[in-house]
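Student: coordinates only, sequence not included:
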């Protein structure tokens, strides 16, 4: 933005909310006005949403100008959300933005809706470089700025959390929107029942829990109990993947945004998770959590440059990925500092890691501590299951010439493993140290060993560069906390996709080449095809 003072009017309308915001280049929010479509039945119909925007944009612009004590002559820039979102809705707001910019003779810029949420969150909270949990009706993403782009570290593999809550509420006849209805019923009880808990590395899935919750309701189980279970399970999954992203990135801030941030239970659970990890938790004022025009105006100002403006660049993109945007406005690297207690070497997402000795040999104690954001019944079940499964997987890997740490002791009651300490760098460290010698053969070797593991029916579950050690150019695999036994192409493809994402996060310029070398060693076309299929699934609205 430089020294030039600009005022931007932003138009939001990716789904059911019409929003107009006015923000200046000093970061002052001058107006935020909006109105929302509430369907009488069913979900949001794209054409109805588009018609709603068409009816409300002009009156809301007038409201925003009045709130800011400005006129159209004071506006220097018009921005609009070009995606992701509903096609008809996006076309309506893009048309309105084009007309307005031409009529008042100012530049026009289209921006990414998801990044708008992140940037308005940073502006209104003071967060500098957070891991962002973005939860809404159309999107569920864990976002982190890395090397010139906002990277999607994790996301839903099917439906978004907001859509999941809405669909549950609609299907059992409680209406729309579902989030407040489910929250209201959940407050009436502390009782819970078991529902599917699906975390796959950095990603998660809500379709199974939705189906199960509806079936439980139809079988006669108390609605309050189902709603409470629904929240406790879904939000624990969200906390876990955010926790995993914190551990992976080493950042010391978490930002919650999106419409589901209105849920007090989710906020409470995230605060507990952040406290346990000694990091700061931020959430914007509620008016800026949901879809709003001010986030579009703010991002328009941040990303404004002449080569990005004009009618030729005003096309919409209903599947506009967060990581497709080149972030030019972040210049400074933020240093993160987490002060852990002296006795903890590393506070991972799954466990605390402590150094010790076992029979006079250096050892690692992997202690699956209680997760205070999860209810006791769910937490105990997951910790016991994962401790047992990890011990078995670490042992069974050796049958397939996959090197893993030796197990010295298993303590199920305390959810604890005592393992061989291996003095070898993480693949993550090797990549970030910019070491180049032997990288092709290293990634070939990793691919071959992962293929052997998969052929043995073993899925790692969290196949990131932090969970692979390297010794003499050969991989050693650690942390099978999310591992399982499966021969399904879907599970193998998801495993590899986790690895691909972890490469993209830490080395975007070389990730494609590294992954190609990895696949040369892996050499299973059916699984590679499955990766493409998983990546191409629609994850918006």
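Tutor: Sure, I can see it. Quick caveat: nothing in here was measured; it's all calculated off a predicted structure.

Student: Quickly note the distance from residue 50 to residue 209.
Tutor: Residue 50 sits 31 Å away from residue 209, going by CB to CB, to the nearest Å. Glycine gets a C-beta too; all of them are placed from N, C-alpha and C.

Student: Can you name the residues that contact residue 272?
Tutor: By CB atoms under 8 Å, 6 or more residues apart in numbering, the contact list for residue 272 reads 372, 373.

Student: Pull out the buried residues from the helix or strand encompassing it.
Tutor: Under the criterion of DSSP states H and E, residue 272 resides in helix 264-276. By neighbour count on 16 or more other CB atoms under 10 Å, the buried set for helix 264-276 is 265, 266, 267, 269, 270, 271, 272, 273, 274, 276.

Student: Over to stretch 397-413?
Tutor: Quick answer for stretch 397-413 (16+ other CB under 10 Å): 397, 402, 403, 404, 405, 406, 408, 410.

Student: Could you spell out the sheet neighbours of the helix or strand that the helix holding residue 272 is followed by, each with its direction?
Tutor: Counting by DSSP H and E, the next helix or strand C-terminal to helix 264-276 is strand 280-282. Strand pairing for strand 280-282, determined by DSSP bridges: strand 253-257 (parallel).

Student: The stretch 201-350 of the chain: strands as residue ranges?
Tutor: Listed from the start of the chain, the stretch 201-350 of the chain has strands (DSSP state E, counting those that start in this stretch) covering 203-204, 253-257, 280-282, 346-347.

Student: which one of those has the most crowded surroundings?
Tutor: strand 253-257 (a mean of 26; mean count of other CB atoms under 10 Å).

Student: which other residues reach that strand?
Tutor: Contacts for strand 253-257 (CB under 8 Å, 6+ apart): 117-118, 120-122, 125, 127-135, 242, 246, 266-267, 270, 273-274, 279-284, 288-289, 336.

Student: filter the residues you listed to the buried ones?
Tutor: For those, buried by 16+ other CB under 10 Å: 117-118, 120-122, 125, 127-135, 242, 246, 266-267, 270, 273-274, 279-284, 288-289.

Student: picking that back up, the buried residues of stretch 397-413 in helices, which ones?
Tutor: Counted as lying in helices by DSSP state H, out of the buried residues of stretch 397-413, are residue 397.

Student: Is it possible to get JSON lines of the buried residues of stretch 397-413 that adds pLDDT?
Tutor: Below are the buried residues of stretch 397-413 laid out as JSON lines (pLDDT from 0 to 100):
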{"residue": "397", "pLDDT": "97"}
{"residue": "402", "pLDDT": "97"}
{"residue": "403", "pLDDT": "97"}
{"residue": "404", "pLDDT": "97"}
{"residue": "405", "pLDDT": "96"}
{"residue": "406", "pLDDT": "96"}
{"residue": "408", "pLDDT": "96"}
{"residue": "410", "pLDDT": "95"}
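
Student: What about the buried residues of stretch 397-413, which are in strands?
Tutor: Cross-referencing these against strands under DSSP state E gives 408, 410.

Student: which among the buried residues of stretch 397-413 gets closest to residue 223?
Tutor: residue 410 (40.8 Å; CB to CB).

Student: secondary structure class for the residue nearest to the closest one when sequence neighbours are not counted?
Tutor: Using CB to CB, 6 or more residues apart in numbering and skipping residues adjacent in sequence, the residue nearest residue 410 is residue 391, 4.8 Å away. When classified by DSSP: H, G, I helix; E, B strand; the rest coil, residue 391 comes out as helix.

Student: Likewise for residue 38?
Tutor: Classification of residue 38 by three-state DSSP places it in coil.

Student: What is the burial count for the closest residue in space to it that isn't next to it in sequence?
Tutor: Nearest residue to residue 38, sequence neighbours excluded (CB to CB, 6+ apart): residue 176, at 6.6 Å. For residue 176, the count of nearby residues is 21 (other CB atoms under 10 Å).

Student: measure residue 176 to residue 16 for me?
Tutor: 9 Å.

Student: In which helix or strand does the residue nearest the centre of the chain reside?
Tutor: Centroid check for the chain by CA atoms, centre = their mean gives residue 142 as the closest residue, at 1.6 Å. If you go by DSSP H and E, residue 142 is part of strand 140-146.

Student: What is that strand packed up against?
Tutor: Contact partners of strand 140-146 among helices and strands, from 3 or more CB pairs under 8 Å, 6 or more residues apart in numbering; DSSP states H and E: helix 113-125, strand 131-135, strand 149-155, helix 223-249, helix 489-506.

Student: Adjacent strands (with direction) for it?
Tutor: Sheet pairing of strand 140-146 (DSSP bridges) gives strand 131-135 (antiparallel), strand 149-155 (antiparallel).

Student: wait, is residue 127 part of a helix?
Tutor: No - assessed with three-state DSSP, residue 127 is coil; it does not lie in a helix.

Student: Quick check: it touching residue 119?
Tutor: No - Residue 127 lies out of contact with residue 119 (CB atoms under 8 Å); the separation is 10.4 Å.

Student: shaky segments in this structure?
Tutor: Scanning the chain with the threshold set as pLDDT under 70 gives 1-3, 39-43, 340-348, 434-436, 537-541.

Student: let's see 80
Tutor: Flagging of the chain using pLDDT under 80 yields the residue ranges 1-3, 37-44, 176, 201, 306-307, 337-350, 434-437, 505-506, 508, 535-541.

Student: Break it down into its domains, please.
Tutor: Per automatic domain parsing, the structural domains of the chain span 7-123+289-323, 129-284, 346-395+405-420, 427-536.

Student: picking that back up, rebuild the buried residues of stretch 397-413 as CSV, extending it with distance to residue 495.
Tutor: Formatted as CSV, the buried residues of stretch 397-413 follow (distance: CB to CB, whole Å):
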residue, distance to residue 495
397, 14
402, 13
403, 17
404, 15
405, 19
406, 23
408, 27
410, 24
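
Student: Between the buried residues of stretch 397-413, which sits nearest residue 526?
Tutor: Comparing those against residue 526 with CB to CB places residue 402 closest, at 20.5 Å.

Student: Does that closest one touch residue 474 like I think?
Tutor: No - using CB under 8 Å, residue 402 is not in contact with residue 474; the gap is 10.4 Å.
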